[in-house]
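J.: Kindly generate the corresponding structure for this input.
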Amino acid sequence: MAKKRILIIDDTDDITTPLKLYLEKTGAYEVCVEDTGSKGVATAQAFKPHLILLDVLMPDMDGGDVAARLEEDPATKSIPITFLTAAVTKEEVAAKRERLGGRPLLSKLTTLQELIEYVQKTVGV
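T.: Next up is the predicted model:
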């Protein structure tokens, strides 16, 4: 069975490094990480991920701009994007019905196990 490709676009190593390691440890995922929105857009076009976990607040482009650019490109517009942010708590995410701009939203305060379960549910294993 081919591994599912996950792209994480986030400028915070505290999140990306452990998440990449845990996802790859399952043996079901190939994970690529980019630390800026512009590099993330280019990588999405080349890597063709099954899911993008996208930070909302980044130094070069915010997550909304990255999502909009990906949605405009025929090669990337159908890739599911989930926003991942420290700007909200798990409780605030639940209160907003777990969506931001029509896309799924996860708090960075979510445990690694919960993040992995979300990825498994979203792209399958």
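J.: Now do the contacts for Thr26.
T.: By Cβ atoms under 8 Å, 6 or more residues apart in numbering, the contact list for Thr26 reads Ile116, Val125. C-beta coordinates here come from the backbone N, C-alpha and C atoms, glycine included.
J.: Next, give phi and psi for it.
T.: Dihedral pair for Thr26: phi -70, psi -20, per degrees, to the nearest 10.
J.: what does Ile52 give?
T.: According to degrees, to the nearest 10, Ile52 has phi -120, psi 130.
J.: ok, how many other residues are close to it?
T.: 29 (other Cβ atoms under 10 Å).
J.: Could you measure from it over to Gln120?
T.: Here Ile52 is placed at a distance of 16 Å from Gln120 (Cβ to Cβ, to the nearest Å).
J.: what are the ranges of the helices in the protein?
T.: 13-25, 37-47, 63-72, 90-95, 112-123 (DSSP state H).
J.: Could you dump the ones you listed into JSON lines with mean pLDDT, distance to Thr82 and mean neighbour count added?
T.: As requested, the helices of the chain are exported to JSON lines (pLDDT from 0 to 100; distance: least, Cβ to Cβ, whole Å; neighbours: other Cβ atoms under 10 Å):
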{"stretch": "helix 13-25", "mean pLDDT": "91", "distance to Thr82": "12", "mean neighbour count": "15"}
{"stretch": "helix 37-47", "mean pLDDT": "95", "distance to Thr82": "13", "mean neighbour count": "18"}
{"stretch": "helix 63-72", "mean pLDDT": "92", "distance to Thr82": "10", "mean neighbour count": "18"}
{"stretch": "helix 90-95", "mean pLDDT": "51", "distance to Thr82": "11", "mean neighbour count": "13"}
{"stretch": "helix 112-123", "mean pLDDT": "89", "distance to Thr82": "7", "mean neighbour count": "15"}
